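Visitor: A predicted structure for the sequence below; I have some questions about it.
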Amino acid sequence: MTDERIVPMRLQRFLARAGVASRRGSENLMTAGRVCVNGAVVTELGSKVDPLVDVVTVDGREVHLSDGHAYLVLNKPTGYLSTMHDPLGRPCVERLVPTKRYPGLFPVGRLDGDTTGLLLFTTNGDAGQRMLHPSMHVWKHYVALVRGVPDKADLERLRTGVMLDDGRAQPAEVELLSPSDPRVAPVAPEGIAHAHAVVGLRIHEGKKHQVKRMLKAVGHEVVRLHRDEFGPISLGDVASGCWRELTEDERRAIERLVENQMPKTRRKA
């Protein structure tokens with residue numbers, strides 16, 4: 001990826017580009033007093049550094065800009081929060097990924113605690129932030145086990161954009177999945193029960209609980225929900241609770257996505 005940084009650059013952006021954390025996570029590190037520049041603690045979010053001159057440390061460890069970012073996907077099991085730390089001590093995905101091997105690893109977006117499937121991780125704070133930007137329109141595919149069987153009218157409402165309590169959801173790609181479709185297994189491993197159906201749904205928005213609310217709005221409560229695609233990445237045969245590194249082709253696909261669909265209005269460094 002092309003280095004677009006401006007020197008000097010904001011400290012939180014430097015930390016994100018160095019793979020320490022997302023930009024928001026980097027801001028939290030700063031306000032917690034864990035970041036030093038040239039030996040002095042820096043907590044002011046507007047502070048800038050010159051990566052060619054200044055020495056930046058986090059918890060005493062020196063960090064540098066690097067193009068060697070890590071990317072991996074986790075098949076998140078149910079019951080885990082999509083965060084690297086929970087003050088209440090609840091299970092977090094941090095336990096399931098190799099944070100010691102890849103310092104600064106963080107999840108790109110979130111899945112609900114009871115939702116399973118593909119959760120992308122990276123140490124590339126800029127790429128992670130851009131993939132979540134609404135203007136990027138990154139498509140995500142979900143498989144949902146629902147109560148009742150949606151009819152043509154239900155599916156058409158989803159395809160044209162269903163109204164939610166916080167505004168109209170954008171049109172989705174949606175289909176009923178056959179019991180023999182291999183994508184059904186994560187939500188109905190023992191087969192589809194009577195008066196239930198499995199829906200495949202692709203969206204590019206990121207409203208809270210969006211898939212569940214969309215299906216409920218057309219009269220079909222979600223029983224189980226699984227994500228198997230995020231942008232150009234597919235989960236594949238990764239077992240629940242396990243992870244894999246992205247292939248080189250997948251890494252390049254993410255880099256092309258971020259570069260080619262970069263928002264025209266960028267935040268200044």
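Guide: Yep, it's here.

Visitor: number of nearby residues for the residue nearest to residue 186 when sequence neighbours are not counted?
Guide: The shortest distance from residue 186 to any residue other than its chain neighbours is 4.1 Å, reached at residue 226 (CB to CB, 6 or more residues apart in numbering). For the C-beta atoms, the positions are set from N, CA and C on the backbone; glycine is no exception. A count of neighbours around residue 226, defined by other CB atoms under 10 Å, yields 26.

Visitor: which parts of the one helix or strand residue 226 maps to are buried?
Guide: Under the criterion of DSSP states H and E, residue 226 resides in strand 222-230. Of all the residues in strand 222-230, those buried under the rule 16 or more other CB atoms under 10 Å are 222, 224-230.

Visitor: With stretch 233-243 instead?
Guide: 233, 235, 238, 243.

Visitor: what about the second one, distance to residue 119?
Guide: Distance of residue 235 to residue 119, computed by CB to CB, to the nearest Å: 9 Å.

Visitor: sorry, back to before: tell me the contacts of the residue nearest to residue 186?
Guide: Taking CB atoms under 8 Å, 6 or more residues apart in numbering, we find residue 226 in contact with 115-117, 142-144, 186-187.

Visitor: hey, what's it bridged with?
Guide: With DSSP bridges applied, residue 226 shows beta-bridge pairing to residue 116, residue 143.

Visitor: And it, how far from residue 129?
Guide: Applying CB to CB to residue 226 and residue 129 gives a distance of 25 Å.

Visitor: What of residue 214?
Guide: Counting by CB to CB, the separation of residue 214 from residue 129 is 25 Å.

Visitor: Looking at these two, which has the bigger crowd around it?
Guide: Between residue 214 and residue 129, residue 214 has the larger neighbour count (other CB under 10 Å), namely 27 against 18.

Visitor: Tell me if that one really is in a helix.
Guide: Yes. Applying DSSP: H, G, I helix; E, B strand; the rest coil, one finds residue 214 inside a helix.

Visitor: wait, it sits on residue 162?
Guide: Yes. Taking contact to mean CB atoms under 8 Å, the distance of 5.3 Å between residue 214 and residue 162 places them in contact.

Visitor: Need the residues touching each of the two.
Guide: The overlap between the contact sets of residue 214 and residue 162 (CB under 8 Å, 6+ apart) consists of residue 169.

Visitor: residues in contact with residue 64?
Guide: Taking CB under 8 Å, 6+ apart as the contact definition, residue 64 lies against 18, 51.

Visitor: quick one: it from residue 124, how far?
Guide: For residue 64, the distance to residue 124 (CB to CB) stands at 14 Å.

Visitor: likewise residue 49?
Guide: As judged by CB to CB, residue 49 and residue 124 stand 19 Å apart.

Visitor: quick one, which of these two is more surrounded?
Guide: Comparing residue 49 with residue 124 by other CB under 10 Å, the one with more neighbours is residue 124, at 28 against 21.

Visitor: what does the model give that one for pLDDT?
Guide: In this model, residue 124 is scored at 83, pLDDT.

Visitor: Now do stretch 155-173: everything it contacts.
Guide: The contact list for stretch 155-173, computed with CB under 8 Å, 6+ apart, reads 174-176, 201-205, 207, 210, 213-215, 217-218.

Visitor: In that stretch, which residues are buried?
Guide: 155, 157-158, 162, 164, 169, 172.

Visitor: Please dump these into a markdown table; it should also carry secondary structure and pLDDT for every row.
Guide: Shown next, in a markdown table, are the buried residues of stretch 155-173 (DSSP: H, G, I helix; E, B strand; the rest coil; pLDDT from 0 to 100):
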| residue | secondary structure | pLDDT |
| --- | --- | --- |
| 155 | helix | 98 |
| 157 | helix | 97 |
| 158 | helix | 98 |
| 162 | coil | 95 |
| 164 | strand | 95 |
| 169 | coil | 95 |
| 172 | coil | 97 |
